[in-house]
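Novice: Sequence and predicted model, in that order:
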Amino acid sequence: MNETVLITGASSGIGLELAKCFAADGSRLILTARNTAALEALAVELRQKFSAEVRVVTADLRLPETPARIFAALQVNNAGFGAHGDFAALPLDRQLDMVQVNVTALMNLTGLFLPDMIARRRGGVMNVASTAAFQAGPRMAVYYATKAFVLSFSEAIAEELAGSGVTVTAVCPGPTRTNFGQVANFRGSDSVLRAAMTAAAVARHGHKAFRKGRFVVISGVQNFLPTLIVRLLPRIVIRKIVKWLITIRRPARE
């Protein structure tokens, strides 16, 4: 397959599993994240298992200049992180970093790569949003807001590109078993953890939807139904439910 795929946030979680999906397709891969050792280990695995052509680029998307540095490939904008707690109580710098990674870097990378794809009339962008995009998220306010941007932005440019030969897919997973909770300082309730999908399942679902050229895909029936309920209930009710769910934290095990 004459295709090069850039995967941001490829050192763990959904990004790592997407790398496996695209390697199985025979795509050339460019893997980026901050963790060089994890990227190199993944590259070795993909070369051995799939005979994949893999290049590792260590990059920190918190830095505004990074997207221009990695402007050498295309397709998957997956890197992101969250933070748990009241907006006023969390470090502002950390939340600005979140906006830089989840919004600004994603938009920057998309803007850098789209013109060449349009000129070739071939290519695609996969942005990892979240079911968090469908409502406000008290106690994770900035994270939920950034994912709302990713979904809205992806849907809008997908419509703009209709008929161009270029596709844009927004993947919206719900709770997923990754290191996200550790980074965000959020363990979640037992009920949320039981409903969580594996990163591999989310990646396979998103990869399949991307290949079909779908605009928006919500991973898992258990995640699709709540997004329908959100459209029916008043926003004030949804806000209070989300706040309650986020506030319930599973106690740490000794």
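Specialist: In hand now; what should we look at? Numbering: from 1, shown residues only.

Novice: for the chain, what's the longest helix?
Specialist: Ranked by residue count under DSSP state H, the longest helix found in the chain is helix 141-160.

Novice: From the contact counts, what lies against that one?
Specialist: Here helix 141-160 touches helix 92-99, helix 106-120, strand 123-128, strand 166-172, strand 216-218, going by 3 or more Cβ pairs under 8 Å, 6 or more residues apart in numbering; DSSP states H and E. Yep, even glycine has a C-beta here, placed from its N, CA and C like the rest.

Novice: So which of those is nearest Phe153?
Specialist: helix 106-120 (6.6 Å; Cβ to Cβ).

Novice: Please, where are all the helices along the protein?
Specialist: With DSSP H, the ranges of helices along the chain come out as 13-25, 36-50, 66-69, 92-99, 106-120, 141-160, 180-184, 190-195, 199-212, 221-232, 235-247.

Novice: Flag every buried residue along the longest helix of the chain.
Specialist: Within helix 141-160, the residues that qualify as buried are 141-151, 153-155, 157-158, counting by 16 or more other Cβ atoms under 10 Å.

Novice: still on that earlier bit, I'd like the helices of the chain laid out as TSV, including mean pLDDT and distance to Leu6.
Specialist: Below are those laid out as TSV (pLDDT from 0 to 100; distance: least, Cβ to Cβ, whole Å):
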stretch	mean pLDDT	distance to Leu6
helix 13-25	96	10
helix 36-50	97	13
helix 66-69	86	10
helix 92-99	93	21
helix 106-120	94	8
helix 141-160	97	16
helix 180-184	50	21
helix 190-195	59	31
helix 199-212	95	13
helix 221-232	88	26
helix 235-247	90	32
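
Novice: Can you tell me which of these is most buried?
Specialist: Mean neighbour count (mean count of other Cβ atoms under 10 Å) peaks for helix 13-25 among those, with a mean of 24.

Novice: Return that one as PDB; C-alpha atoms alone will do.
Specialist: Provided in PDB are the C-alpha atoms of helix 13-25 (Å, rounded to 0.1, in the frame of the first residue of the first chain):
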ATOM      1  CA  GLY A  13      -3.000   3.400  24.500                       C
ATOM      2  CA  ILE A  14      -5.100   4.000  21.400                       C
ATOM      3  CA  GLY A  15      -2.200   5.500  19.400                       C
ATOM      4  CA  LEU A  16      -0.100   2.300  20.000                       C
ATOM      5  CA  GLU A  17      -3.000   0.100  18.900                       C
ATOM      6  CA  LEU A  18      -3.800   2.200  15.800                       C
ATOM      7  CA  ALA A  19      -0.100   1.800  14.800                       C
ATOM      8  CA  LYS A  20      -0.700  -2.000  14.800                       C
ATOM      9  CA  CYS A  21      -3.900  -1.700  12.700                       C
ATOM     10  CA  PHE A  22      -2.200   0.500  10.100                       C
ATOM     11  CA  ALA A  23       1.000  -1.700  10.100                       C
ATOM     12  CA  ALA A  24      -1.200  -4.700   9.400                       C
ATOM     13  CA  ASP A  25      -2.500  -2.800   6.300                       C
END
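
Novice: I appreciate the help and will end here.
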